[in-house]
Structure formats: structure tokens, C-alpha cells
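**Q** Provided below for reference: sequence and predicted model.
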Amino acid sequence: MTPPTVILSPSILDANFARLGEAVQAAEAGGADCLHLDVMDGHFVPNISFGLPIVRDIRAITKLPLDVHLMIEAPERYIEAFAKAGANRLTVHIETGYHHNRTLHAIRDLGVSPGIALNPATPVVAVEETLADVDRVLVMTVNPGFGGQKFIEASLDKVRRLRAILLERRLGAQIQVDGGIEPKRTAPQVVRAGATNLVVGSAVFKAAAGPQAALAALREAVQTARLASV
């Protein structure tokens, strides 16, 4: 059986915003599969990042899919606006709101791919009733809010349990991971555990060799791990 292709999603949170256009173009030239945009409101997470104008501006300069991660309270209020701004994928947190299935269906009705995210302290069981309604499950491997944090090792077991559930139910949702992902250790670990979509921030945009070389190193690392996991 051929293992699933691993998607690399550079997170612009760690890019230099004074040269954001150049960072986006470097990621695209380096073979990124999509761009990950972390929207933070200072309430759901202890940081404020950016909002609709940045999404619109990035949409204007790249053909890459925009994977928008809404780390905000009441995300259902803003999904249409982000869809209009150019988001191709919208992920909301299980810890926010009350009617997740309604929100996920509304995202899909807008022609956008829906995803559900869970924080490190949130158990997999919390998202089980949404798995048939999403294209990806985002497992946070750091506590959300800031880039450059240390990978939480216990997340590997969470990825394994989620993979087992998806296989048992014959569901095709991607397992996305976000936080502390780098080529030498954590990227191969999460791929072997079952992750199929890696969000990578500082390991791409703060790499001394630049985003293109960093993405090539990540691609090589996950390809090796992917084949070893068969």
C-alpha cells in the first residue's frame, strides 16, 4: 500500500512581516503545498496576530491554497468574511462555540474545506463526533498563541489514537500537526505516528539557509519517514 502524501504548510506567523511578500514567494518557490495563516484574537489565545486584510493581500500574490486557522472566539461569525477574503481552508477549534457541526457545514457550503482543531490538553474524544464532517483534524503540538515553542511529546500518542479512529471508521480526514515541527526529529516522528499535514513555522522562515532549502530538507525527512511507516 502506498502511504499518503505528506502536505507541508509553512506558517507565516514566523515570517518577517516587513518582507511578507518575499517570504510567501520563497515558500511557493520552495514547493510548499499551501500556506498556513494563524488568526489570533487575544482572547481565545494570549496573542494577537492578523486578520482579514493580511489574508486578502496574500491571496493577491500567490496561487497556493490558504489554510486559515481561526484561533478566535465565536469563529462562526467570521467564516463568510474569511472565505470572501480568499481562504481555501478554514479550521476552527473544538474548544470554541457550541454548534460545531453547524459551523463546519456552513464552511463547506461556502465552498471552503472545513477542519477542526484541538489544543494539547483536549482529548481526542472531544472531536470524534465531528470527524465525518471535516477534511482535516489539527492536533496542536504546542499550546497555541506563539511560534517557536517546544514540541509536546505526549502529542504523538494523540496522533496515533486519532489515526486508529479514522482507519476504523474509514474516514479520509488528514491529520494535521502544528507546533515545534523541524526536519531532524519531530517531523519524522509525527509522520510515523500518522500525521499527513505538517504546519511548519520557524523551521522554514527562520532557517539560516532560507525557506527553499528548509522546505527541501523537510520534504526529504518526511519522505523517508513516510516510506518507513508503511
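**A** That came in fine, so what should we check first? Numbering: from 1, shown residues only.
**Q** how about the nearest residue to residue 224 once chain neighbours are set aside, secondary structure?
**A** Spatial nearest neighbour of residue 224, excluding adjacent residues (C-beta to C-beta, 6 or more residues apart in numbering): residue 188 at 6.9 Å. (Each C-beta comes from the backbone N, C-alpha and C, glycine too.) Here residue 188 is helix, with the state taken from DSSP: H, G, I helix; E, B strand; the rest coil.
**Q** what ranges does this structure have for its strands?
**A** 7-10, 35-40, 66-71, 89-93, 113-118, 136-140, 174-178, 197-200 (DSSP state E).
**Q** and the worst-scoring helix or strand of the chain on mean pLDDT, what does it pack against?
**A** Lowest by mean pLDDT, DSSP states H and E among the helices and strands of the chain is helix 211-228, with a mean of 88. In this structure, helix 211-228 packs against strand 7-10, helix 20-29, helix 186-193, strand 197-200, helix 202-205, with contacts taken as 3 or more C-beta pairs under 8 Å, 6 or more residues apart in numbering; DSSP states H and E.
**Q** nearest residue to the residue nearest in space to the middle of the chain in space, please, no chain neighbours.
**A** What sits nearest the mean C-alpha location of the chain, by C-alpha atoms, centre = their mean, is residue 199, with 4.8 Å. Nearest residue to residue 199, sequence neighbours excluded (C-beta to C-beta, 6+ apart): residue 178, at 3.8 Å.
**Q** ok, the one you found touching residue 71?
**A** No. The criterion here is C-beta atoms under 8 Å, and residue 178 misses it with residue 71 at 10.2 Å.
**Q** hey, what's in contact with both of the two?
**A** Residues touching both residue 178 and residue 71 (C-beta atoms under 8 Å, 6 or more residues apart in numbering) are residue 144.
**Q** circling back to that earlier point, check contacts around the residue nearest to the centre of the chain.
**A** With the criterion set at C-beta under 8 Å, 6+ apart, residue 199 makes contact with 9, 10, 11, 36, 67, 69, 138, 176, 177, 178, 179, 181.
**Q** beta-bridge partners for it, please?
**A** Following DSSP bridges, residue 199 is listed with bridge partners residue 9, residue 178.
**Q** rewinding a little: which residues make contact with the least confident helix or strand of the chain from outside it?
**A** Under C-beta under 8 Å, 6+ apart, the answer for helix 211-228 is 3-6, 8, 10, 23, 26-27, 29-32, 183-184, 187-189, 191-192, 198, 200, 203-205, 207, 209.
**Q** residues near residue 154, how many?
**A** Around residue 154 there are 10 other residues, counting by other C-beta atoms under 10 Å.
**Q** now it. Nearest residue, chain neighbours left out?
**A** Residue 154's closest residue in space is residue 120 (C-beta to C-beta, 6+ apart), at 7.4 Å.
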